[in-house]
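Trainee: Quick one: sequence and predicted model below, then my questions.
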Amino acid sequence: MSGNCGNKSSSENQLRKYPLKLDKLPKLKFDDPKLDEYIASDEPVVIQGCKLVASTSKWNLDYLNKHMNGKYTVIVSHNHKFKYHDEKKMATSKVNFQPTTKRVKMPFSEFAEKVRNWKKGDERLYLQQVLDNSVGKEIVDDFLKFNWNWITDKQIKNNWGPLTSNLLLVSMEGNVTPCHYDEQQNFYAQVYGVKRIILFRPSEFKCLYPHPVHHPYDRQSQVDFDKPDYNRFPNFRNAQGYETYIHPGEVLYIPMYWFHHVESPLKEGPTISINFWYKAARTEQIVYPLKDYQKVAIMRNVEKMLGEALRDTNEIGPLLRTIADENYF
Ligand SMILES: O=C(O)C(=O)C[C@H](CCCc1ccccc1)C(=O)O
Ligand SMILES: [Zn+2]
């Protein structure tokens, strides 16, 4: 019996447990004057009532199945984790790398069928399709009815760059997108079902051990949250994060460089989300002290520069260690 214990919603009971101290994220109404302060200071917040994707209130798997008649990008995994790998870096990477997921094009009807008939042991599917004109006319109409005034006002107020893409995310229950960061600002809109998101500020970098920049898993944490290897990643014990459950109609602001782990609760059925990735504002005037995300950007640039200079990316670690061990204790 998956009864409700206490005041938690059922989805909050169907959770994978992680050895993490997690604070709650604030949830603010769209017209709360404090909201703009959170966004301006790159602090995550859940926004209620902004109606960003109100035109998707009738969306579910059947509605999408009816109006999406093309073939769409579906990620296939033989476990519940969908760790994203950069295919371009696979070609140039010097490490023997085996991806744990593959990317296929599939008719929506086939995707929906496989999700409906899924049973333990089957490979898992996660539809991750850029919203473009490959979707049906009704979907385009719903897209055009997004609250573009509201989100464009936020984009301009914060000097963000252009909207780079909207990703339509249709997940099976139980799927996990492991902990990673993106270099873009993100308004993450929940359309159908409840999603759990765990976030860490960029300064938790030392506790989350992202892969090297040249690795296909660049930006992704090396730590397996299901089975952390504390010998290799001792600081993971001290990781301090935030957690929230977003419901249909709510929008989570995920600031650029903030680590996030996203999951669809077990036994709660499929979930649908749409993200809005914006290029970050250009840094006109450097202000000291630097922000924590700027230090991550600096570390990335040092790795990239050393990769150019050394050619063999396997030499980057030893050279950095020589500098650190010899000159800076
Ligand atoms: O919106 C975000 O930033 C998320 O991480 C949402 C996440 C899927 C993202 C898949 C992905 C990760 C990296 C590069 C390209 C695609 C989810 O909802 O499971
Ligand atoms: Zn992401």
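Mentor: In hand now; what should we look at? Ligands and ions are numbered 1, 2, ... in the order given.
Trainee: Would you mind naming what in the stretch 1-150 of the chain lies close to ligand 1?
Mentor: Contact residues, the stretch 1-150 of the chain versus ligand 1 (Cβ under 6 Å from any ligand atom): 84, 128. The C-beta positions use only the backbone N, C-alpha and C, and glycine is treated the same way.
Trainee: The stretch 1-150 of the chain: helices as residue ranges?
Mentor: 10-13, 35-40, 61-67, 87-92, 108-116, 137-144, 148-157 (DSSP state H, counting those that start in this stretch).
Trainee: Need those helices in a markdown table (columns: distance to L20, mean pLDDT and mean neighbour count).
Mentor: As requested, the helices of the stretch 1-150 of the chain are arranged in a markdown table below (distance: least, Cβ to Cβ, whole Å; pLDDT from 0 to 100; neighbours: other Cβ atoms under 10 Å):
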| stretch | distance to L20 | mean pLDDT | mean neighbour count |
| --- | --- | --- | --- |
| helix 10-13 | 15 | 64 | 17 |
| helix 35-40 | 22 | 98 | 16 |
| helix 61-67 | 31 | 97 | 16 |
| helix 87-92 | 28 | 91 | 12 |
| helix 108-116 | 29 | 98 | 17 |
| helix 137-144 | 36 | 96 | 15 |
| helix 148-157 | 29 | 98 | 14 |
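Trainee: I'd like to know which of these is closest to D218.
Mentor: Closest to D218 of the helices of the stretch 1-150 of the chain, according to Cβ to Cβ: helix 87-92, at 6.3 Å.
Trainee: Centre of the chain to that closest one, how far?
Mentor: Helix 87-92 has its C-alpha centroid displaced from the chain centroid by 21 Å (Cα atoms, centre = their mean, to the nearest Å).
Trainee: Could you export it as CSV, keeping only the C-alpha atoms?
Mentor: Presented in CSV, the C-alpha positions along helix 87-92 are these (Å, rounded to 0.1, in the frame of the first residue of the first chain):
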residue,chain,number,x,y,z
GLU,A,87,29.3,12.8,-28.7
LYS,A,88,31.8,15.3,-30.1
LYS,A,89,34.1,14.8,-27.1
MET,A,90,33.8,11.0,-27.5
ALA,A,91,35.6,11.2,-30.8
THR,A,92,38.5,13.3,-29.4
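Trainee: re the thing from before, format the helices of the stretch 1-150 of the chain as a markdown table; extra columns: distance to H214.
Mentor: Formatted as a markdown table, the helices of the stretch 1-150 of the chain follow (distance: least, Cβ to Cβ, whole Å):
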| stretch | distance to H214 |
| --- | --- |
| helix 10-13 | 38 |
| helix 35-40 | 32 |
| helix 61-67 | 37 |
| helix 87-92 | 6 |
| helix 108-116 | 33 |
| helix 137-144 | 36 |
| helix 148-157 | 32 |
